[in-house]
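Trainee: pasted the sequence and its predicted model underneath.
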Amino acid sequence: MMRDKILLLSHPEADYGAEMLWDGLCHIIGSENVVVYPYVRHYYGGTDDDYILDNGQKGWTAPGDYMPLREELPWSRDQILDRIKEFKLAVLTSPRTYAIEALVDLKNELTKRHLPLAFTDSEDSTTIRQDIIDFFEPHFIFKRELLNDTPNMKIMPLPFSSFLYPGQYPDKKEKDIDVFFMCGNTWPLRLEIRDMLVGLNDERIITGCDDNGVRLSYKEYIDAMSRAKINIVVRGHGIDTVRRWEAPSFSGVVLSDRLSLITPFPFLDKLNIVYYDSVDHLKELIKTLLADKLALKQIGEMGMLHLQKWHTTK
């Protein structure tokens, strides 16, 4: 029996939200039923090296180490139009150039087919792209950075999620790292927390930031996260971050800043996550939790189970 297909109108630059959406749909309906157009090579193990950025420079994107790669052949425009009846939904996966141009090109054909359109915005911004909504009139609108006070309830939240399904990376039950926090220098609070952790002068605390040359491979980064009793999360360029979902993929306690975003099935303070309100508060929480082995175990494992139930890409 032929399954309904979904058409993802995509852009070749790295885009965590679009990649997570693609991965989740592949899990649910099979990669053969998720058609990416224009074809994005880095979804399938190749390198996108033939696109032009908006500033006129040549772009280059290789597969992220976090991405499970799949094998599917590209579809041409003619193939999509010839088989348009097989699609149940079209998704504008990005407000970026190539995705927009693809939708403009196909818009009349999709309209004649009465093919519903969804728009997903995963950019590092809380701005609602009303221009795109007004022009394309999508049936469904999803936004990663959706604030609690957003008045338009037609827009639904779609935060990031975790690529790290159980078994893909082992969770180290015997934790030999007390606190782990490695970050990019993308928000001032990150540096303040890094400096606080360095000041504790404890070899069981691993911390660093791009500004002082500390670098780990993705495998090393995930391995350390899986070995940590406590993982710290801080916002970056965007309010939502990938680390927010990587950290609870393992059974260490996640200490997170409080976010003003709508998150379906949220983590609950002191049940499956612990929220901090300041650097001093974070410092005190670290001391308290490391002295309470039962809380470490219970909160960490509850967080991991909550993520696996609600917040994988699927």
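Mentor: Here it is on my side, so go on.

Trainee: from here on, contacts and neighbour counts on C-alpha atoms
Mentor: OK.

Trainee: sketch out the strands for the stretch 151-300 of the chain, chain order is fine.
Mentor: For the stretch 151-300 of the chain, applying DSSP state E, counting those that start in this stretch gives strands covering 155-157, 177-183, 205-209, 228-233, 253-257, 274-276.

Trainee: looking at the ones you listed, which is nearest to Y43?
Mentor: strand 155-157 (23.8 Å; C-alpha to C-alpha).

Trainee: parallel or antiparallel, list what pairs with that closest one.
Mentor: When sheet partners are counted by DSSP bridges, strand 155-157 sits next to strand 140-143 (parallel).

Trainee: just the residues contacting the partner strand, thanks.
Mentor: 117-122, 154-159 (C-alpha atoms under 8 Å, 6 or more residues apart in numbering).

Trainee: pLDDT weak spots in this structure?
Mentor: Residues of the chain meeting the criterion pLDDT under 70: 1-3, 151-153, 212-213.

Trainee: quick check, central residue of it?
Mentor: F160 (3.3 Å; C-alpha atoms, centre = their mean).

Trainee: ok, which pair from the contacts of strand 140-143 is furthest apart?
Mentor: L117 and P159 (19.3 Å).

Trainee: comparing the two, which residue is more hemmed in?
Mentor: P159 (24 against 21; other C-alpha atoms under 10 Å).

Trainee: OK, contacts around the nearest residue to the more buried one once chain neighbours are set aside?
Mentor: Leaving aside its sequence neighbours, P159 sits nearest to R144 (C-alpha to C-alpha, 6 or more residues apart in numbering; 4.2 Å). Counting by C-alpha under 8 Å, 6+ apart, R144 touches 17, 120-123, 157-160, 240.

Trainee: would you list these in JSON lines and tack on distance to V233?
Mentor: Listed next are the contacts of R144 as JSON lines, based on distance: C-alpha to C-alpha, whole Å:
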{"residue": "G17", "distance to V233": "18"}
{"residue": "T120", "distance to V233": "24"}
{"residue": "D121", "distance to V233": "22"}
{"residue": "S122", "distance to V233": "19"}
{"residue": "E123", "distance to V233": "19"}
{"residue": "P157", "distance to V233": "20"}
{"residue": "L158", "distance to V233": "19"}
{"residue": "P159", "distance to V233": "15"}
{"residue": "F160", "distance to V233": "14"}
{"residue": "D240", "distance to V233": "10"}
